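Asker: Everything below, folded, please.
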Amino acid sequence: MIIIRDTRQRVGYKDQDIRDTIKKFLKLHDLDKEIKSYKILKESLDSRRHDDIHFTVTIGVFAENESKILKLVNNNKVMLTKEKKYVFPHILNTELREFLDIDQSFRPVIIGSGPAGYHAAVKLSYAGFKPIVLERGKAVEDRAEDVERLWEEGKLEPDSNICFGEGGAGTFSDGKLNTGNKDKAGYFKEVLDTFAKFGMDEANLYRSKPHIGTDELRQILINMRHEIERLGGEVRFSNKLIGIDLATDFGVYGYETELPVYELTVEGPEGKYKIITHSVILAVGHSARDTFKMLYDMGFEMEKKPFAMGVRVEHKADTINKAMYGEDYRKKYGDKLPAADYKLTYHTKDDERSVFSFCMCPGGYVVNSSTEEGSVCINGMSYSGRDGDNSNSAIVVNVTPDDYKDYKFNDSEVLGGIAFQRELEKAAYTAGNGSIPVTLYKDMTEGKPSSELGNIKPEIKGSYCLTSIKEVLPDFIYDSILEAMPEFGRRIKGYDDPDTVISAVEARTSSPVKVVRDERLMAPEYPGIFPAGEGAGYAGGITSAAADGIKAAEAVSEFLIEEIISGYKDYEISKYT
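Answerer: Prediction:
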């Protein structure tokens, strides 16, 4: 493949512009005859100069005589490379796949259907392992109805809400797919390719800041589920893991295995039942507090982990667009520019705290994402069009284990971060009288309740209440945000507008614990159990969680493959003896 790096394209560029660029850089006369195909590899918006906003685009070109073409080109932006494709390391043959129907203990069990769980399930399904996915929440179709009921009527379903159910917390979010980490092994690209296979707009394969949007993501999840099932896997909704035990006196079909054998206790719609398995991927998400407690009680090694908490801030989307694109952006570019996003960071003067934007939602909504009665927490969500009236972002402050060293969750200090989160969520419930507490920035600076809105109407899914959030947040979070806001206003005009809408509390930015795993990605005390994804402390967002799920699937297949082959052979022998 020939790569043409960093070409300049106008806002609203068309396919013909790409064709003209290829002809110019490669000095071609007849594009249709001289190349086989081309595609955009990367696209980023450069809006640093408001009078010259443009896209920077990298193009990949496929031709029969690529080396010959390159010899005629003397340009450091043009180079030859090989396109890398991800390949799952272990694929079962037909006989071994059939053997899994005979001895189902070799079927991996995946706890959770979020990005880590579903991407692990898809990879294991294609490889022939026929995984069983246990999801405590509901399928996305039913889950969406429960979420709407919470927003409209205030009725909370503890196991079917924004955090629990098919797709995990990311289902009702902005659907961001970018990550700040490097992708040398190609896992992030494979995540995007997988999403595209199941219905994502392929433009996200090359955008520098790809996002799906909650509306499109829901159908993608359904497509993934159907593919898992078509390949022999299962997805069991409203099935909650409530116990893990080492099985005893376990033997099947006249042969023995050296693998550990686990007996999972599951609570489903028709009561409790058992699953026998050798391997479990724990992809439970960052809000599975009862599951974390169960793992702690079982002796899983766990560590306290830093995270962040704070508020959501709302501005008119047009305010952010003007700040990022220029006051007359509509006159210059019409509707061809996407709703503007931003990223903000600030270190407090005492240099003890970081204040930063998180999960920014252009043209999005603030949403009630509570999971427990008597508590309120919030998140941000956008549809694929990002065409809401407001743009919002979490503005959060780093929280260290020292900040919650005196907290315990069910007598566990390791899980103290959960208790700290819960305290703030209960305070938010009290401040908002059961609704999302909202205050205006001008009132926040004075520490008093708000009584009326200004020129910004909140775009909030769920009931909200004008009040004061001073009693919701600890001083170190409240004061750090107040210190940062004027600086954010200097960087983005209008950010510290007195009428800026501020909601509380953003408490679930990431998991407050890490479930320790070894170099084989297994819990050291429980070989065959693989903590994975954001809940286990190894990811931060949809893409990184999905990538970690793929890594866990690879580790599971490596763990099982030799024993599956051995067990199959022993079974074949036992049939004739």
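Asker: I'd like the distance from stretch 235-246 to the chain centre, please.
Answerer: 22 Å (Cα atoms, centre = their mean, to the nearest Å).
Asker: Also stretch 375-391?
Answerer: Mean-position distance between stretch 375-391 and its chain equals 15 Å (Cα atoms, centre = their mean).
Asker: now swap in stretch 402-417 and tell me
Answerer: For stretch 402-417, the separation from the chain centroid amounts to 26 Å (computed by Cα atoms, centre = their mean).
Asker: Buried residues of whatever helix or strand I59 lives in, list them for me.
Answerer: Per DSSP states H and E: I59 is located in strand 54-62. Neighbour-count burial for strand 54-62, counted by 16 or more other Cβ atoms under 10 Å, picks out 55, 57-61. In this view, the C-beta of every residue, glycine as well, is placed from N, C-alpha and C.
Asker: can you pull the contacts of V122?
Answerer: By Cβ atoms under 8 Å, 6 or more residues apart in numbering, the contact set of V122 is 194, 224, 227-228.
Asker: To clarify, my last question referred to E157.
Answerer: Each residue near E157 by Cβ under 8 Å, 6+ apart is listed here: 146, 149-150.
Asker: want to throw these into JSON lines with pLDDT and distance to L453?
Answerer: JSON lines is the format used below for those (pLDDT from 0 to 100; distance: Cβ to Cβ, whole Å):
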{"residue": "D146", "pLDDT": "97", "distance to L453": "29"}
{"residue": "R149", "pLDDT": "97", "distance to L453": "26"}
{"residue": "L150", "pLDDT": "97", "distance to L453": "23"}
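Asker: Drop anything exposed from these.
Answerer: For the contacts of E157, a burial check counting by 16+ other Cβ under 10 Å picks out 146, 150.
Asker: element containing S391, please.
Answerer: Here S391 sits within strand 390-399, counting by DSSP H and E.
Asker: what packs against the next helix or strand after that strand?
Answerer: Next in sequence after strand 390-399, counting helices and strands by DSSP H and E, comes helix 416-431. The contact analysis (3 or more Cβ pairs under 8 Å, 6 or more residues apart in numbering; DSSP states H and E) places helix 416-431 against helix 289-298, strand 307-316, strand 436-440, strand 501-506.
Asker: Quick check: the gap between F88 and T194.
Answerer: 11 Å (Cβ to Cβ, to the nearest Å).
Asker: In which helix or strand does K123 reside?
Answerer: Counting by DSSP H and E, K123 is found in helix 115-126.
Asker: ok so, going back, what would the helices and strands packed on helix 416-431 look like in TSV with distance to N368, mean pLDDT and mean neighbour count?
Answerer: What follows is the helices and strands packed on helix 416-431, written out as TSV (distance: least, Cβ to Cβ, whole Å; pLDDT from 0 to 100; neighbours: other Cβ atoms under 10 Å):
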stretch	distance to N368	mean pLDDT	mean neighbour count
helix 289-298	18	95	18
strand 307-316	11	98	25
strand 436-440	6	98	27
strand 501-506	10	98	28
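Asker: would you turn those into a markdown table with distance to D406?
Answerer: Below are the helices and strands packed on helix 416-431 laid out as a markdown table (distance: least, Cβ to Cβ, whole Å):
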| stretch | distance to D406 |
| --- | --- |
| helix 289-298 | 18 |
| strand 307-316 | 16 |
| strand 436-440 | 25 |
| strand 501-506 | 19 |
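Asker: Let me know which of those is the nearest to T371.
Answerer: Closest approach to T371 among the helices and strands packed on helix 416-431 (Cβ to Cβ): helix 289-298, 8.2 Å.
Asker: how far off helix 416-431 does the closest one point, in degrees?
Answerer: Taking axes from the mean of the first three to the mean of the last three Cα atoms, to 10 degrees, one finds that helix 289-298 is oriented at 150 degrees with respect to helix 416-431.
Asker: before we move on, the earlier item: show me what whichever helix or strand comes after the strand holding I59 is in contact with.
Answerer: Using DSSP H and E, the helix or strand that follows strand 54-62 towards the C-terminus is helix 66-71. Contacting residues not belonging to helix 66-71 are listed as 1-2, 26, 28, 34, 63, 78-80 [Cβ under 8 Å, 6+ apart].
Asker: Kindly report the same for stretch 418-427.
Answerer: With Cβ under 8 Å, 6+ apart as the test, stretch 418-427 has contacts from 289, 292, 309, 370, 372, 374-377, 399, 403-404, 407-409, 471-474, 504-505, 507-508, 512-513.
Asker: More neighbours: F88 and T194, which one.
Answerer: T194 (19 against 15; other Cβ atoms under 10 Å).
Asker: That one reaches H119, doesn't it?
Answerer: Yes: using Cβ atoms under 8 Å, T194 is in contact with H119, at 6.4 Å.
Asker: Kindly point out which residues are neighbours of both of those two.
Answerer: A546.
Asker: for stretch 28-37, how far is the first residue from the last?
Answerer: 14 Å (Cα to Cα, to the nearest Å).
Asker: Number the chain from 627, please
Answerer: Will do, 627 is the new start, and the previous item becomes stretch 654-663.
Asker: so for that stretch, what's the average pLDDT?
Answerer: Stretch 654-663 carries an average pLDDT of 90.
Asker: quick one, which of the helices and strands packed on helix 1042-1057 is nearest to G793?
Answerer: Using Cβ to Cβ, these put helix 915-924 closest to G793, at 17.5 Å.
Asker: So, low pLDDT: which residues of this structure?
Answerer: 874-882, 1199-1203 (pLDDT under 70).
Asker: Which members of the contacts of helix 692-697 define the maximum pairwise distance?
Answerer: Applying Cβ to Cβ across the contacts of helix 692-697, the maximum distance is between E660 and M705, 18.0 Å.
Asker: which of these two has more neighbours?
Answerer: E660 (17 against 13).
Asker: Now the more buried one: phi and psi?
Answerer: Main-chain dihedrals, E660, degrees, to the nearest 10: phi -90, psi -10.
Asker: For it, list the residues it contacts.
Answerer: Listed by Cβ under 8 Å, 6+ apart, the contact set of E660 reads 652, 654, 689, 695.
Asker: Which among these count as buried?
Answerer: Buried among these (16+ other Cβ under 10 Å): 652, 654, 689, 695.
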